[in-house]
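Novice: Show me how the following folds:
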Amino acid sequence: MHLDINNTKINITCQQYNCKNYKINENKSELTFEFVSDKNTRNVFCTHCGSSNVYVHDNNKITLRDMPIWHGIKQFVNVNFHRYKCNCCGKTFNEDIGLKTPETRITTRAAQ
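Specialist: Numbering: from 1, shown residues only. Model (predicted):
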């Protein structure tokens, strides 16, 4: 199967994350999907004290290894997520990344 990025469109969502882009490297051996969080801050509660008075303190990115779709092409998922800070207790916490296996850098699909 030949992967032609010029005629391939994707529409992938997972919880609050939407795939905004994908890229394949020059020798067509690695495919990377770019996911971005669209979560609204008013729907976020502090994981420490439960307050809804939080704000986006920072934006971070993690790269996860994923299960390949095409044979012979390694697949990765870049996830852009928020780090929040609570105005009540002052503690920070990361946005949940549901497609990530806890304590790893792989997707749940790859872990299974």
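Novice: Distance check, the residue lying closest to residue 86 once chain neighbours are set aside against residue 52.
Specialist: Counting by Cβ to Cβ, 6 or more residues apart in numbering, the nearest residue to residue 86 once its immediate chain neighbours are dropped is residue 46, at 4.0 Å. No exception for glycine: its C-beta is placed from N, CA and C like everyone else's. Going from residue 46 to residue 52 by Cβ to Cβ, to the nearest Å gives 8 Å.
Novice: tell me the secondary structure for residue 42?
Specialist: Residue 42 falls in the helix class when you classify it by DSSP: H, G, I helix; E, B strand; the rest coil.
Novice: What's the separation between the nearest residue to it once chain neighbours are set aside and residue 63?
Specialist: Counting by Cβ to Cβ, 6+ apart, residue 52 is the residue found nearest to residue 42 once chain neighbours are left out, at 7.1 Å. Distance of residue 52 to residue 63, given as Cβ to Cβ: 31 Å.
Novice: What segments of the protein are helices?
Specialist: In the chain, the helices defined using DSSP state H lie at 108-111.
Novice: what about the strands in it?
Specialist: For the chain, applying DSSP state E gives strands covering 13-14, 17-24, 30-37, 54-66, 74-86, 92-94.
Novice: tell me which residues in stretch 60-73 are buried?
Specialist: Residues of stretch 60-73 classed as buried by neighbour count (16 or more other Cβ atoms under 10 Å): 64, 66.
Novice: For stretch 58-72, which outside residues touch it?
Specialist: Defining contact as Cβ atoms under 8 Å, 6 or more residues apart in numbering, one finds that stretch 58-72 is touched by 1, 3, 29, 31-33, 74-83, 94, 97, 99-100, 105-107, 109-110.
Novice: First-to-last residue distance for that stretch?
Specialist: Taking Cα to Cα, to the nearest Å as the measure, stretch 58-72 stretches 36 Å from start to finish.
Novice: quick one on the thing from earlier: ok, the residue nearest to residue 86 - contacts?
Specialist: Contacts of residue 46 (Cβ under 8 Å, 6+ apart): 52, 53, 54, 84, 86, 88, 89, 91, 93.
Novice: For the closest residue to the fourth one other than its chain neighbours, list each beta-bridge partner.
Specialist: Spatial nearest neighbour of residue 84, excluding adjacent residues (Cβ to Cβ, 6+ apart): residue 54 at 4.6 Å. For residue 54, the beta-bridge assignment (DSSP bridges) gives partners residue 86.
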